[in-house]
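**Student:** how would this look folded up:
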Amino acid sequence: MKEIDPTELQEMLAAEEPPLLVDVREPVEAEIAQIGGSLLIPMGSLPQRLQEIPKERPVALYCHHGVRSLYAAEWLARQGYRTLSLAGGIDRWAAEIEPAMRRY
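**Tutor:** Numbers count the residues shown, from 1 in each chain. Just a heads-up that it's a prediction; the model follows:
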């Protein structure tokens, strides 16, 4: 498990083989703002939805401020996944990468 900053995530997402981007927030939060191309799997649903996450691909997780995604990334890493967590969450992403993104 590794924490990455928004610039690192942006570069990874632009790569030829990007990580799977997973939003671990709740649906009501995702309605406000989301990073394009992400898969919404609320943190509490991860155990039931593991089959949606391929093990052969790195997984980059994000939440609002980075706490839930850090816990989720640590848990997924214990299940055998290669995980990354966005430090500062979507709030930091909005501040540094997409300033026009709605924040809450």
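
**Student:** I'd assumed residue 3 was in a strand, is it?
**Tutor:** Yes - according to DSSP: H, G, I helix; E, B strand; the rest coil, residue 3 belongs to a strand.

**Student:** Grab the nearest non-local neighbour of it.
**Tutor:** residue 87 (4.6 Å; C-beta to C-beta, 6 or more residues apart in numbering). No exception for glycine: its C-beta is placed from N, CA and C like everyone else's.

**Student:** and that neighbour, how many neighbours?
**Tutor:** For residue 87, the neighbour count with other C-beta atoms under 10 Å is 19.

**Student:** With residue 100 instead?
**Tutor:** Should you count by other C-beta under 10 Å, residue 100 turns out to have 5 residues around it.

**Student:** For the protein, which segments count as helices?
**Tutor:** Residue ranges of the helices in the chain, as given by DSSP state H, are 6-13, 27-32, 67-78, 89-96.

**Student:** Quick check, the residue nearest to residue 3 in contact with residue 4.
**Tutor:** Yes - using C-beta atoms under 8 Å, residue 87 makes contact with residue 4 at a distance of 6.6 Å.

**Student:** before we move on, back to that, now for the helices of the chain, which one comes closest to residue 41?
**Tutor:** helix 67-78 (8.6 Å; C-beta to C-beta).

**Student:** and that closest one, which residues are buried?
**Tutor:** For helix 67-78, a neighbour-count test (16 or more other C-beta atoms under 10 Å) marks 68, 69, 70, 71, 72, 73, 75, 76, 77 as buried.
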